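J.: Here is a sequence with its predicted model. Questions after.
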Amino acid sequence: MKVIFDPDIPDEIKEDILEAIKEENIGEVCKVCGGDTLYVALLEGVLDIKCYECGHSYLEIEIEEEEE
């Protein structure tokens, strides 16, 4: 599947997100509508990975901020 990232998602975590998507074995097309694109949105510290066409949510990942 193609992946579109919300503009608020930092570049340094995009590769980790792609790896998590691969580990979940989501497939090549949406199981609900047959779409071939995922959208990754950042909402209040949670990444929501969903179908771009129909909005079916596949995965939610909570983001923890590291203290320096």
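T.: Now that the structure is in, tell me what you want to look at. This one's a predicted model, so the numbers in the text were calculated from it and none came from an experiment.

J.: Give the rounded mean pLDDT of the helix or strand in which K22 is found.
T.: Using DSSP states H and E, K22 maps to helix 11-23. Taken as a whole, helix 11-23 has a mean pLDDT of 91.

J.: So which elements touch it?
T.: Packed against helix 11-23, as judged by 3 or more C-beta pairs under 8 Å, 6 or more residues apart in numbering; DSSP states H and E, are the following elements: strand 2-5, strand 46-51, strand 57-62. Glycine gets a C-beta too; all of them are placed from N, C-alpha and C.

J.: Please identify the deepest-packed of the ones you listed.
T.: Most buried of those, by mean neighbour count (mean count of other C-beta atoms under 10 Å): strand 46-51, with a mean of 18.

J.: partners of that strand, with directions?
T.: Based on DSSP bridges, the pairing partners of strand 46-51 within the sheet are strand 37-43 (antiparallel), strand 57-62 (antiparallel).

J.: Ok, which of the ones you listed comes nearest N25?
T.: strand 57-62 (10.2 Å; C-beta to C-beta).

J.: got the angle between the closest one and helix 11-23?
T.: What separates the directions of strand 57-62 and helix 11-23 is an angle of 130 degrees, with axes from the mean of the first three to the mean of the last three C-alpha atoms, to 10 degrees.
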